[in-house]
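Colleague: Let's see this in three dimensions:
(one chain, ligands or ions: 1)
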Amino acid sequence: MKRTPPPPPAAPASAVGGPVGRRCSCGAADHVEAHASGPAIERSYRELTGDRLGLAAVAALARSGDPRACQVITAAATLLGRVLGGAANLLDPDVIVIAGGVSRLGPLLLGPLRLAYRADALPGPRRAPIRLAALTDRAGLVGAGLTALPPAP
Ligand SMILES: [Zn+2]
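Modeller: Numbers count the residues shown, from 1 in each chain. Below is the predicted model of the structure:
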């Protein structure tokens, strides 16, 4: 009896059907960080325009109405919102806090992120407020420092 060969491996795909093929800083492919972090937005802008700008410069262009800067930020925010919506459907959080360098985008990030989140989250989790971390890109370091402290007596 002739055996049917196994199907070829599926092409990599992001969890929400977004862009594919980007290597994440951890080495895996297409993690959210590879598409929706500050460096990822810088990369998207560079790939779209050929210009190598930092996140603050891309944000300044977006605030002035530059359509390509708006496009890359909106795409990242939308992806992040969709991923968070799916995660919230599993975890039903009371609040979602956005930290890291990307949080410095403020309303540029939160507007499209909230739209995508609300579209994907179920009615219960949909009510969770989405806020920016007060410590922005220092939140991870502060959290790591607090974790390293000995437990209180
Ligand atoms: Zn990763």
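Colleague: So L90: helix, strand or coil?
Modeller: helix (DSSP: H, G, I helix; E, B strand; the rest coil).
Colleague: what about it, how many neighbours?
Modeller: If you count neighbours by other CB atoms under 10 Å, L90 ends up with 9. From N, CA and C alone the C-beta is placed, and that goes for glycine too.
Colleague: What distance do you get for it to G124?
Modeller: Computed as CB to CB, to the nearest Å, the L90 to G124 distance reads 12 Å.
Colleague: same check, this time on A60
Modeller: Separation of A60 from G124 (CB to CB) stands at 38 Å.
Colleague: More neighbours: which of the two?
Modeller: Set side by side, A60 and G124 show more neighbours around A60, with 13 against 10, by other CB under 10 Å.
Colleague: Could you say which helix or strand holds that one?
Modeller: helix 55-63 (DSSP states H and E).
Colleague: and if you look at G27?
Modeller: Going by DSSP H and E, G27 is not in any helix or strand.
Colleague: repeat for R131
Modeller: Assigned by DSSP H and E, R131 falls within strand 130-132.
Colleague: Now that strand: buried residues?
Modeller: For strand 130-132, a neighbour-count test (16 or more other CB atoms under 10 Å) marks 130, 132 as buried.
Colleague: what does stretch 111-120 give?
Modeller: Those would be 112-114, 116-117, 120, for stretch 111-120 by 16+ other CB under 10 Å.
Colleague: Tell me the secondary structure of G111, please.
Modeller: What three-state DSSP gives for G111 is helix.
Colleague: That one - nearest residue in space that isn't next to it in sequence?
Modeller: For G111, ignoring the flanking residues on the chain, the nearest one in space by CB to CB, 6 or more residues apart in numbering is A77 at 7.3 Å.
Colleague: Kindly calculate the angle that the helix or strand that neighbour falls within makes with helix 55-63.
Modeller: Assigned by DSSP H and E, A77 belongs to helix 67-91. On the basis of axes from the mean of the first three to the mean of the last three CA atoms, to 10 degrees, helix 67-91 is oriented at 110 degrees to helix 55-63.
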